[in-house]
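Trainee: next one to model:
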Amino acid sequence: MAQMTIDPQGEKIESFVLLSGHKIPAIGLGTWRAHNARDSVFTAILEAGYRHVDTAAEYGVQDEVGHGIKAAIHAG
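Mentor: The predicted model follows:
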């Protein structure tokens, strides 16, 4: 479930600027407890328009996440 990110002045935050200067969306898909990460990532990208997928090697789902991203790219 997506939630809105609000700054202390009550303004909506749509992205964050990293130290590298790159921007990332404020709302991301978490994959920590994903039971079927491939389908979750695929659906989130295609149906909800997610562009930020939060994952880490210690979650153990990096292959599934990669397959979901690849499938979403090929699906358009």
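
Trainee: where does this protein dip in pLDDT?
Mentor: Residue ranges of the chain with pLDDT under 70: 1-3.

Trainee: what segments of it are strands?
Mentor: Assigned by DSSP state E, the strands in the chain fall at 5-6, 12-13, 15-17, 23-25, 29-30, 53-54.

Trainee: how close does the residue nearest to residue 6 when sequence neighbours are not counted get to residue 4?
Mentor: With sequence-adjacent residues excluded and distances taken as Cβ to Cβ, 6 or more residues apart in numbering, residue 6 is closest to residue 12, at 6.2 Å. Every residue, glycine included, has its C-beta placed from N, CA and C. Per Cβ to Cβ, to the nearest Å, residue 12 is found 6 Å from residue 4.

Trainee: what does residue 41 give?
Mentor: 22 Å.

Trainee: the two: which has the busier surroundings?
Mentor: Comparing residue 41 with residue 4 by other Cβ atoms under 10 Å, the one with more neighbours is residue 41, at 26 against 9.

Trainee: other SSEs contacting the lengthiest helix in the chain?
Mentor: In the chain, ranked by residue count with DSSP state H as the criterion, the top helix is helix 62-75. Contacts defined by 3 or more Cβ pairs under 8 Å, 6 or more residues apart in numbering; DSSP states H and E place helix 62-75 against helix 37-48.

Trainee: how about residue 5, what does it touch?
Mentor: Listed by Cβ atoms under 8 Å, 6 or more residues apart in numbering, the contact set of residue 5 reads 12-14, 26-27.
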